[in-house]
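Chemist: how does the following fold in three dimensions:
(chains A and B)
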Amino acid sequence: MIAFEPKIIAFLCNWCSYECADSVGRAQKEYPSILRIVRVMCSGRIDPQFIIEAFRRGAAGVLILGCHPGDCHYKEGNYQAMKKYTLLKKVLLQFGIDKDRFRLDWVSAKETDKFIKIVSEMVEKVKQLGPIIPPQPSMNPSVSLPGGQQAGPFTKGGIKGGR
Amino acid sequence: MEDEKIRIGVYICECGPNIKEAINIEEVVKFARGLENVVLTKSFNLLCSEEGKKLIEDDIKQHNLTNIVLATCSPKEHEITFRKVLNNAGLNPFFLQIANIREQCAWVIKDKASATQKAKAMIAAAVKRVAFHEPLEIKEIPYQSDILVVGAGVAGISAALTLAQKNRKVYLVEKLPFIGGKVARYEKIFPTLECASCVLDPILDEVLHNEQIELLTLSEVIDVLGFYGNFIVKVKKKARFVDSKTCIGCGACFEVCPIKVKNEYNEGLDDRKAIYIPYAGALPNVAVIDRKNCLQFHGKKCNACQNACPFSSIHYEEDQIQELNVGAIILATGFDVFDPKKVFQYGHGEIKNVFTSLEFERLLSSTGPTGGKILLKSGQPPKRLALIHCVGSRTKEYNEYCSGVCCMYSLKFAHMVKEQLTDTLITEFHSDLCLPGRTAQGFFNTLSDKKEVYFVQVKNIDSIDLTQKGGKVLVKYEDSNGTIKSSTFDLVVLSVAIEAIKDAREVAITFGISQDKDGFFLEEHTSISPVSTSVGGIFIAGCAHGPKDIQSAVAEGQAAAGKILSKLIPGEKFLLEPITTEVDEDLCSGCKTCISLCPYKAITYDQEKKVVSINEILCRGCGICVATCPSATIKARNFTDKQIVAELIGLLEV
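Modeler: I've put the predicted structure just below:
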């Protein structure tokens, strides 16, 4: 049997957590390759629909890492992220997405060991949970993006506006 | 953007052996060549080298590349470097996306196959994302070189005078009607026992007459927007009701005013009128009407002062809101003192002739209620006088910190009492003496040599208990051996702690700065950035961020001014953040959800159009509003929904 190799999307803020991921790299500390990082300016930028989109596109787990409370580069973006996270977590549970697949935490730029600990815990839990049953293709309308890319309703401009 | 126009160039940096040894470069190049819109893929030994940069620049021109993906080190390292390369090649610098395959791939994955797989995913994501990139413009605007100083005490005034150079305007905002802060009310200053007004008045005059300084008395800052180089500040200027241009401070108005109230400038030790100058020599020498007590403001017809004024200077005008554009702000808002009424055993306000140190300053002052004569309430001079140190300081119950100046001003009091009343016995009750620095110990030594000056070390200042005893004050205390003793005095001075101003929290919120646990404003770094705050462009000086003597307050005012002078050069420009947000006015429903969430107050509601608009200068591009907008009408430049989702797709497909 082939071992389940999930993919985990991590949304990292430009100032603390993305910087922390770079620090981990500079320290050449190893963590699982299935972590795929998306940089945003602030954890407060993370639209709940990004998380839904990540799960819909096959992520087995989504991680948000922001600056510690009180340390946000934009004063309070991480609190806004926390509010959205708390609500979205409940919504995801109703869709059958286990609570361990979605995590919010805080790391400063220097907390490389904490970064690795969070990532390792997440990977382990998600591996235990196994894959999410994929949605039916009929529920998955898609449109053409520039260059023939396929995108879901999220990028269509129907659900969300033209941004 | 039309599909056929997108011509993406992908460059994979080997970074010497750093990426090359961890990732199968050949395989990644082959993979990238197969990606949509990619017309050119190359690997190179070191892209950040001059040869590497030239390679990209030449390729862009030669192959008409429209978008660039670089699989290199972290964008934190070289994003700016490579944006310049695009710019040099005639491309907008924001048609660039970096896949961080060194820090976040090659260096953290030991297994080459896994690292190669992840690198492919990262490149696929960047290629998908970059197709949605849009050109952004980096605008530049000039620095505002005008400066706002809040608080016209010694710290604020030193700052204002240091700043008021050619081409630099200083707005000096003072809450009270008169300037000079607490120091203006002192008779003498330690350690030199110089006459305070001889030292202070010339610089106060300079402030009043310096053309570069605009003094706004009776004024408070009510709103602050912006950042270092460009603040928009709203100041509420309360009406003085007396024209400062024509009033000469003759006092004709005070004489006829029927209202008498306690004079807060003399700590309530005497009375003043509802139109007043609190003491002779207060500056500016212009009367002020106290609207809380003036009959005019209580529906009564009283024009006594207006009729008496020989210069027709009294007008009942309205308050004003003034908007200022400044490049930097210095907060020198001073201090308040510990209220000894909180501690029952000090008997302040209950026992006659128990004064706080500020009250005693006024008793010693030649412009004070007694003309500088040290008199008991009975009108007699005291024969026995006690000074109690550390009232409200160095106690866990009130303030754990040492106020730092009380020992010195208590010694100053003793010096001054001895000058006036040679035979009066003075006892200083203290638990420790704080006498650091060059001059303090000498100041103490000259005093302790004098007759009838005693220093009594008590075990704990909190053990001191004052009671009234036949018109005198009985001081009970526990001496350093633990023995309970007592002694009677005619007059007792409580050396009250320096505390943060009462409205420190409101001020901190208005300016967006932090406070320490005691309410003082917090400096950026105690040792190396002592006058900066966590907010760029907002500085603190004097007792606003902790107890300080005059010398340190002045030094800090000048230091803060120096920090600003070296940064805000008139005529110089700064670059605006290009990664900001924009609103699609056609889609905005005007729900205003975003307005309250913006940490920079950059979003306002346009009453006419019924939509919000974002101030590009104030916006810092966090994108909180974007993630929150229910109608998806706000776009985060360079972090659009489309870009991020395209990146997600790329990361998950490989």
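Chemist: for chain A, what helix or strand is lowest in average pLDDT?
Modeler: Every helix and strand in chain A was compared by mean pLDDT, DSSP states H and E; the lowest is helix A:153-156, with a mean of 40.
Chemist: which helix in chain B runs the most residues?
Modeler: When secondary structure is assigned using DSSP state H, the longest helix within chain B turns out to be helix B:112-130.
Chemist: the next helix or strand after that helix: partners in the sheet, and parallel or antiparallel?
Modeler: Beyond helix B:112-130 in the direction of the C-terminus, DSSP states H and E gives the next helix or strand as strand B:140-142. Strand B:140-142 has the following sheet partners, assigned by DSSP bridges: strand B:573-575 (antiparallel).
Chemist: what packs against the next helix or strand after the strand it pairs with?
Modeler: Next along the chain after strand B:573-575, taking DSSP H and E as the criterion, comes strand B:581-583. Packed against strand B:581-583, as judged by 3 or more CB pairs under 8 Å, 6 or more residues apart in numbering or on different chains; DSSP states H and E, are the following elements: strand B:611-614, strand B:634-636. Using the backbone N, CA and C atoms, a C-beta is placed for each residue, glycine as well.
Chemist: in the longest one, what counts as buried?
Modeler: Pointing back at strand B:611-614 there. In terms of neighbour count (16 or more other CB atoms under 10 Å in any protein chain shown), strand B:611-614 has its buried residues at B:Val611, B:Val612, B:Ile614.
Chemist: where does chain A have low pLDDT?
Modeler: Residue ranges of chain A with pLDDT under 70: A:1-3, A:134-163.
Chemist: ok so, going back, for the longest helix of chain B, packing partners?
Modeler: Helix B:112-130 sits against strand A:35-40, strand B:8-13, helix B:25-33, strand B:67-72, strand B:96-100, helix B:641-653, with contacts defined as 3+ CB pairs under 8 Å, 6+ apart.
Chemist: so which of these gets nearest B:Ser532?
Modeler: With respect to B:Ser532, and counting by CB to CB, the nearest of the helices and strands packed on helix B:112-130 is strand A:35-40 at 28.3 Å.
Chemist: distance from the chain centre to that closest one, please.
Modeler: When C-alpha coordinates are averaged (CA atoms, centre = their mean, to the nearest Å), strand A:35-40 and its chain have centres 7 Å apart.
Chemist: now swap in stretch B:31-51 and tell me
Modeler: In terms of CA atoms, centre = their mean, the gap separating the centre of stretch B:31-51 from the centre of its chain is 49 Å.
Chemist: CA atoms of that stretch as CSV?
Modeler: Extracted as CSV, the C-alpha positions of stretch B:31-51 are listed here (Å, rounded to 0.1, in the frame of the first residue of the first chain):
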residue,chain,number,x,y,z
PHE,B,31,9.3,20.7,-15.8
ALA,B,32,9.2,24.5,-16.0
ARG,B,33,9.5,24.4,-19.8
GLY,B,34,6.2,22.5,-20.0
LEU,B,35,4.3,25.0,-18.0
GLU,B,36,1.6,27.3,-19.5
ASN,B,37,2.8,30.6,-20.9
VAL,B,38,6.4,29.8,-20.2
VAL,B,39,8.5,30.7,-23.3
LEU,B,40,12.0,30.5,-21.8
THR,B,41,13.6,28.5,-18.9
LYS,B,42,17.1,28.7,-17.8
SER,B,43,19.2,27.7,-14.9
PHE,B,44,22.2,29.8,-13.8
ASN,B,45,25.0,29.5,-11.3
LEU,B,46,24.2,32.7,-9.4
LEU,B,47,21.4,34.9,-10.6
CYS,B,48,22.2,37.7,-8.2
SER,B,49,25.6,38.2,-9.7
GLU,B,50,26.2,40.9,-12.2
GLU,B,51,26.2,38.3,-15.0
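Chemist: show me what counts as buried in that stretch.
Modeler: Under the neighbour-count criterion of 16+ other CB under 10 Å, stretch B:31-51 has B:31-32, B:35-44, B:47-48 buried.
Chemist: number of nearby residues for the residue of the stretch 101-250 of chain B found nearest chain A?
Modeler: For the stretch 101-250 of chain B, the residue closest to chain A is B:Glu103, as judged by CB to the nearest CB, at 3.0 Å. A total of 26 residues lie near B:Glu103 under the criterion other CB atoms under 10 Å in any protein chain shown.
Chemist: ok so, going back, kindly reformat the helices and strands packed on strand B:581-583 as JSON lines and extend each row with mean pLDDT.
Modeler: Converted to JSON lines, the helices and strands packed on strand B:581-583 look like this (pLDDT from 0 to 100):
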{"stretch": "strand B:611-614", "mean pLDDT": "96"}
{"stretch": "strand B:634-636", "mean pLDDT": "97"}
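Chemist: redo those as a markdown table? Include distance to B:Ala332.
Modeler: Shown next, in a markdown table, are those (distance: least, CB to CB, whole Å):
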| stretch | distance to B:Ala332 |
| --- | --- |
| strand B:611-614 | 33 |
| strand B:634-636 | 38 |
